[in-house]
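Chemist: Task: produce atomic coordinates for the following.
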Amino acid sequence: MLAELKADLARYPGGPLQQLGKALQSAAFYPILVYRLGHDVYFRWPRLISLPARIPYKLASFLAEWATGIHIAPSASIGPGLYIGHWGCTRIGREVRLGSSG
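Modeler: Down below sits the predicted model:
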């Protein structure tokens, strides 16, 4: 997850701290962050840890979609460097494969 997030942040201009600042000011970054977490929770974490972690993920996913209008299904396969240039009315479904996702 951290390598993908680092590549996602690299899509913003400036040095590392400037990139982080610009990402945090971008509404579209939060659903990306939630997606990366959800993808790990559902597909990379051991089941014993994954099951209880799904509740906070679902809450974060709902809040991110409510605030930004962007939903990314955790089962979507999205490679590093994801950038969404706008927010609102965007849904990325569960069978979507984007970028070098494997």
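Chemist: Strands of this structure, start to end?
Modeler: Using DSSP state E, the strands of the chain run over 70-72, 77-78, 90-92, 97-98.
Chemist: In its sheet, which strands sit next to the first one, and in what direction?
Modeler: Its sheet considered, strand 70-72 pairs with strand 90-92 (parallel) by DSSP bridges.
Chemist: Can you list the buried residues in the strand it pairs with?
Modeler: Of all the residues in strand 90-92, those buried under the rule 16 or more other C-beta atoms under 10 Å are I92. C-betas here are computed from N, CA, C, even on glycine.
Chemist: So which residues of the chain form helices?
Modeler: 2-9, 16-25, 29-43, 47-68 (DSSP state H).
Chemist: Single out the most deeply packed of the strands of the chain.
Modeler: Highest mean neighbour count of the strands of the chain: strand 70-72, a mean of 23 (counted as mean count of other C-beta atoms under 10 Å).
Chemist: what does the average pLDDT come to for that strand?
Modeler: Across strand 70-72, pLDDT averages out at 97.
Chemist: Start the count at 876 instead of 1 going forward.
Modeler: Got it, first residue is 876 now, which makes that one strand 945-947.
Chemist: neighbouring contacts of that strand?
Modeler: Under the contact criterion C-beta atoms under 8 Å, 6 or more residues apart in numbering, strand 945-947 has outside partners 902-903, 906-907, 909-910, 913, 936, 939-940, 953, 959, 962-963, 965-967.
Chemist: Quick one: distance of that strand to the chain centre.
Modeler: Offset of strand 945-947 from its chain centre (C-alpha atoms, centre = their mean, to the nearest Å): 8 Å.
Chemist: before we move on, the earlier item: may I see the strands of the chain organised as TSV, with distance to L880 added?
Modeler: Formatted as TSV, the strands of the chain follow (distance: least, C-beta to C-beta, whole Å):
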stretch	distance to L880
strand 945-947	14
strand 952-953	12
strand 965-967	17
strand 972-973	15
